[in-house]
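**Student:** build me a model:
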Amino acid sequence: MKTIEQIETTTDLTRKGTCVEFFSAYQDLDIDRMVGLFTADATIDFKPLGENGKGKINELGRGLWSALIDAFPDLDNTIDTFDVAGDKVTCYVTIFGTQTKEFAGIPSKGLRFESDHIFVFEFNEDDKATSLSIDWNHASFAQQLGVE
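**Tutor:** Below is the predicted model:
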């Protein structure tokens with residue numbers, strides 16, 4: 001029989017593993033694998049986009065990531081650190097890439113961005129990811145791409 005400490009450790013490791021798999025899929029530009037790590041009704045909140053950034057992972061998340069990958073074909077990420085607290089795993093990640101097409105009204109000038117992001121994954125009692133919120137400095141992102 002496992003102790004409470006072992007169960008918590010196993011849960012934390014399982015949840016961290018899901019997050020690592022998400023960023024691995026992100027690096028592979030594999031949206032199906034990214035989305036497949038969440039429950040069917042999982043939600044997403046792209047914080048800087050306000051109400052327009054809230055929706056279902058399989059709809060809004062898939063659409064935004066598809067557009068991002070199309071505009072930044074060398075899109076990549078590096079996980080800097082993790083914090084685990086209860087049912088949440090917070091990942092501090094650097095996202096970077098070179099713009100080759102228009103994205104979200106920003107015309108391509110062939111510029112590269114590098115942006116710190118905070119991803120907060122929430123999990124249910126079965127260790128399945130049920131929601132994701134993402135925050136970043138959108139003004140810095142736009143400025144790096146030549147928006148004045």
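
**Student:** is Ala67 in a helix, a strand, or coil?
**Tutor:** Applying DSSP: H, G, I helix; E, B strand; the rest coil to Ala67 yields a three-state assignment of helix.

**Student:** any stretches of the chain with poor pLDDT?
**Tutor:** Scanning the chain for pLDDT under 70 picks out the ranges 1-9.

**Student:** ranges for the helices of it?
**Tutor:** Under the criterion DSSP state H, helices of the chain are mapped to 4-27, 31-36, 62-71, 138-144.

**Student:** name the residues that touch the third one?
**Tutor:** The list of residues contacting helix 62-71 from outside it, by Cβ atoms under 8 Å, 6 or more residues apart in numbering, reads 26, 29, 31, 34-35, 46, 75, 99-104, 108. To be clear about C-beta, it is placed using only N, CA and C from the backbone, and glycine gets the same treatment.

**Student:** apart from its chain neighbours, what residue comes closest to the residue most central in space within the chain?
**Tutor:** The chain has Phe119 as the residue nearest its centroid, 5.5 Å off, counting by Cα atoms, centre = their mean. Distances taken as Cβ to Cβ, 6 or more residues apart in numbering put Cys91 closest to Phe119, at 4.4 Å, once the chain neighbours are dropped.

**Student:** end to end on stretch 139-148, go ahead and measure it.
**Tutor:** 9 Å (Cα to Cα, to the nearest Å).

**Student:** quick one: it to chain centroid distance?
**Tutor:** In terms of Cα atoms, centre = their mean, to the nearest Å, the centre of stretch 139-148 is set 20 Å apart from its chain centre.

**Student:** same thing with stretch 46-66?
**Tutor:** Distance, centroid of stretch 46-66 to centroid of chain: 10 Å (Cα atoms, centre = their mean).
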